[in-house]
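In: Below is the sequence, then the predicted model.
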Amino acid sequence: MELPTKTPMVENAVVTSKMELSNLIQEALSQGSGVFLKIFSKDSRNKYYITLLLDSSKVLAAEGIVVDTKERYSGDKTVELFKALLDKPMIVDVYSLDEIELKLAIAENLETYSETPKVPINELFEEISEEPKVGIVEKPQPTKAAAPERERTAPKKAEKLPEIAPKKAETTTGPEISIKLRGEKIPEEAFMKYAEAIQRDSEKIRGIKIKKIEFTGNAEGGVVDLNVTVYGSSESKNRRDIEISERRIFHIVSKNAPIIFRVSEYKPRLKDIRVVLDGEEARPREITEKDKKRTDYIDKSKKIRLSVLEDMWPYFSNFAKTVIREIETSGMLVESAYFDIKGRREFEINLSIAVKGEYDKDTAERAVRAVLARHARELSKAIERYISIHTVTVEVIRPEGVVPTKPSVKPTSAKASEILAKKELLEKEVEKLLQEAGIDELAFLTEEKKKEAEQTLLKSRIEPAIETLKARIHAELKLVPRATFKWLKLNHEVQGSTVYVDIEASFAKEEVGGLFGAYSGISDEKIKQDVAETINRVIKEVSSEYSVSIRLRKLNIILR
């Protein structure tokens, strides 16, 4: 088996008993989520090189090679060979693997993983410890003295059976399964198999009994957003033991989620996981922390207030400071500002701001919105999330007697201002005369001016509309199910009052199998249809939002 580059925790350790080997494995597991073993041993016939991959409870993959003949043993034969060699001296290298390294190791050795029976670690060592006893009983079989020994040992085994039997009887009844889904219909079998896997793995945890598993959520467009609640009881009253059990159940729920895709071809997205043991509810720390919204001032003078999710605070606090700094450099003094950021996967900015300055309200609002939009685009690229500006409320505070000004170029002298005033009057008079005269030969002058004004107005809306369109399509294509978004090309051409766009997008079809879910058998046409529908929907939204006619002229979807 292959292992990504890793330094061994223990190298060339000589192990003379299964207890020593068990201790090494437990020590490695205490430092990580899995163990990789390289073992060299021999018996009277051959020398063997064995590699084993284990997680905290079982053997995941095993491979054996006869050193002299290079004969390869498959997973089940290797496990049997390992059991037979357990009481013989071994030279062992031990690697402790964290969760990511363990998954990578499985991915590198999927064939071996699929061939190997998932034998529990305890059973692996217990079975071999019983083998010598079986041998001793068989040898003195002809003598009469051996019979009483068997008779004595048999009741001991029989005594254990009544303790084990009730546990098995309880698990066979199974927990109550509750499925409450909105949207598209998903085969119930997918959730039943998922629940079976959760129950099976959860009840391997000592003292845990699962009573009910509840699924709620929404299914749409090949994706099911799922909330899972697991109800159960724990024999242990130790708070530390219960917390460990809860964490293991969280992992089990996440690990088995791909079962839904394998059965129903709906990609599961776990929105929330809850575990209720003996009436006490727990949620994964990362989910509860991410749901916390922090509201606080970001400056010493307590003028700028920000409300955003706790884990996004560093990004948006810097964003808010930069926006305020730039607004103040444009000549407006910020008296107070409140940034309310809503959302998690996509963010929506709501800004209420009070400024001191000579601008009128409309001009101030346009200036603030322009600064906000530019920095929102930059932040969106940095955090790879879609960010939109929802509301901008500007209050302009002016000193008494100050008249609001327009953002035009201020004349540098009295003479210049007089000339500009005369120019405006003359233009108005010429327009009036042309309209009154109705002379066809001169009609083009007024028409040209109208067109020029229309084009200027249209251009001011087209550029931000295209920028928004690019950002929004980019964000939406990342969410297309069953495909991984690679890149996007978007070109546009203005013809009159209509903007024509040419779009090219590249995707990689997801066809991962085995441990991480199966993505085979999905139609390429279905994926392309989903992409086309998404792009057309976004174009329609942006077109109405910016009052610009945007039409899709050419669409090329590359699917590899």
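Out: On my side now, so go ahead. Residues are numbered from 1 along each chain as shown.
In: Can you tell me the SS state at residue 369?
Out: Secondary structure, DSSP: H, G, I helix; E, B strand; the rest coil: residue 369 is helix.
In: I meant to write residue 337 there.
Out: strand.
In: For it, list each beta-bridge partner.
Out: residue 304, residue 353 (DSSP bridges).
In: can you pull the contacts of it?
Out: 303, 304, 305, 320, 324, 351, 352, 353, 354 (C-beta atoms under 8 Å, 6 or more residues apart in numbering). Any C-beta I mention is one placed from the backbone N, CA and C, and that applies to glycine too.
In: Give me the buried entries from these.
Out: By the neighbour-count criterion of 16 or more other C-beta atoms under 10 Å, the contacts of residue 337 include these buried positions: 304, 305, 320, 324, 351, 353, 354.
In: who's in contact with the last one?
Out: Residues near residue 354 by C-beta under 8 Å, 6+ apart: 334, 335, 336, 337, 394, 395, 396, 397.
In: Please report the distance of it from residue 392.
Out: Plainly put, residue 354 is 12 Å away from residue 392 if you go by C-beta to C-beta, to the nearest Å.
In: What are the boundaries of the helices in the stretch 301-450 of the chain?
Out: 313-329, 361-383, 414-437, 443-477 (DSSP state H, counting those that start in this stretch).
In: for the third one, what is the average pLDDT?
Out: Averaging the model's pLDDT scores along helix 414-437 yields 71.
In: tally of neighbours for residue 419?
Out: By the measure other C-beta atoms under 10 Å, the count of residues near residue 419 is 11.
In: Give me the pLDDT for the residue nearest the centre of the chain.
Out: The centroid of the chain falls nearest to residue 269 when counting by C-alpha atoms, centre = their mean (8.2 Å). If you check residue 269, the pLDDT there is 85.
In: Kindly confirm my reading that it is in a strand.
Out: Yes: Residue 269 forms part of a strand when assessed by three-state DSSP.
In: ok, it - contacts?
Out: With C-beta under 8 Å, 6+ apart, residue 269 has these contacts: 223, 224, 225, 226.
In: Among those, which one has the most neighbours?
Out: Counting neighbours by other C-beta under 10 Å, the top entry in those is residue 224, with 27 neighbours.
In: Any stretches of the stretch 151-300 of the chain with poor pLDDT?
Out: 151-173, 280-292 (pLDDT under 70).
In: and the residue nearest to residue 176 when sequence neighbours are not counted, how far is that from residue 229?
Out: The shortest distance from residue 176 to any non-neighbouring residue, by C-beta to C-beta, 6 or more residues apart in numbering, is to residue 212 (4.3 Å). Using C-beta to C-beta, residue 212 is found at 8 Å from residue 229.
In: Who has more neighbours out of the two?
Out: Neighbour count, other C-beta under 10 Å: between residue 212 and residue 229, residue 229 has more, with 18 against 14.
In: is it true that the more buried one lies in a strand?
Out: Yes: under three-state DSSP, residue 229 falls within a strand.
In: What separation is there between it and residue 176?
Out: For residue 229, the distance to residue 176 - C-beta to C-beta - is 12 Å.
In: Can you work out which residues contact both of the two?
Out: Each of residue 213 lies in contact with both residue 229 and residue 176 under the rule C-beta under 8 Å, 6+ apart.
In: how much space between residue 383 and residue 225?
Out: The gap separating residue 383 from residue 225 is 21 Å, by C-beta to C-beta.
In: Need the helices of the stretch 301-450 of the chain in TSV (columns: distance to residue 104).
Out: Shown next, in TSV, are the helices of the stretch 301-450 of the chain (distance: least, C-beta to C-beta, whole Å):
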stretch	distance to residue 104
helix 313-329	29
helix 361-383	26
helix 414-437	71
helix 443-477	28
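In: Which stretch among those helices approaches residue 34 most closely?
Out: Closest approach to residue 34 among these is made by helix 361-383 (31.8 Å; C-beta to C-beta).
In: Find the nearest non-adjacent residue to residue 249, please.
Out: Nearest residue to residue 249 in three dimensions, chain neighbours excluded: residue 275, at 4.9 Å (C-beta to C-beta, 6+ apart).
In: now that neighbour, what's its secondary structure?
Out: Strictly by three-state DSSP, residue 275 counts as strand.
In: number of nearby residues for it?
Out: So residue 275, with other C-beta under 10 Å, has 26 neighbours.
In: what do you get for residue 364?
Out: With other C-beta under 10 Å as criterion, residue 364 counts 24.
In: Pull the contacting residues for it.
Out: 332, 355, 357, 394, 396.
In: Name the nearest residue to the second one, ignoring sequence neighbours.
Out: In space, not counting the residues next to it along the chain, residue 355 is nearest to residue 332; the distance is 4.1 Å by C-beta to C-beta, 6+ apart.
In: In this structure the one you found contacts residue 361, no?
Out: No: Residue 332 is beyond contact range of residue 361, at 11.6 Å (criterion: C-beta atoms under 8 Å).
In: The two - which one has more neighbours?
Out: Neighbour count, other C-beta under 10 Å: between residue 332 and residue 361, residue 332 has more, with 23 against 12.
In: what's the pLDDT at the more buried one?
Out: 83.
In: tally of neighbours for the closest residue to residue 38 other than its chain neighbours?
Out: Distances taken as C-beta to C-beta, 6+ apart place residue 93 nearest to residue 38, at 4.1 Å, with adjacent residues excluded. Using other C-beta under 10 Å, the number of residues around residue 93 comes to 16.
In: Checking my notes, residue 93 in a strand, right?
Out: Yes: judged by three-state DSSP, residue 93 forms part of a strand.
In: So this structure: which segments form each domain?
Out: As given by automatic domain parsing, the domain ranges for the chain are 10-133, 140-171, 174-289, 292-397, 409-438, 453-559.
In: do you know how far residue 206 is from residue 275?
Out: For residue 206 relative to residue 275 (C-beta to C-beta), the value is 16 Å.
In: With residue 186 instead?
Out: 23 Å.
In: mind checking which helix or strand residue 22 is in?
Out: Element membership for residue 22, per DSSP states H and E: helix 18-31.
In: again with residue 13
Out: strand 10-15.
In: where in the stretch 451-560 of the chain is pLDDT low?
Out: In the stretch 451-560 of the chain, residues with pLDDT under 70: 451-460, 511-522.
In: at 50 what do you get?
Out: 512-520 (pLDDT under 50).
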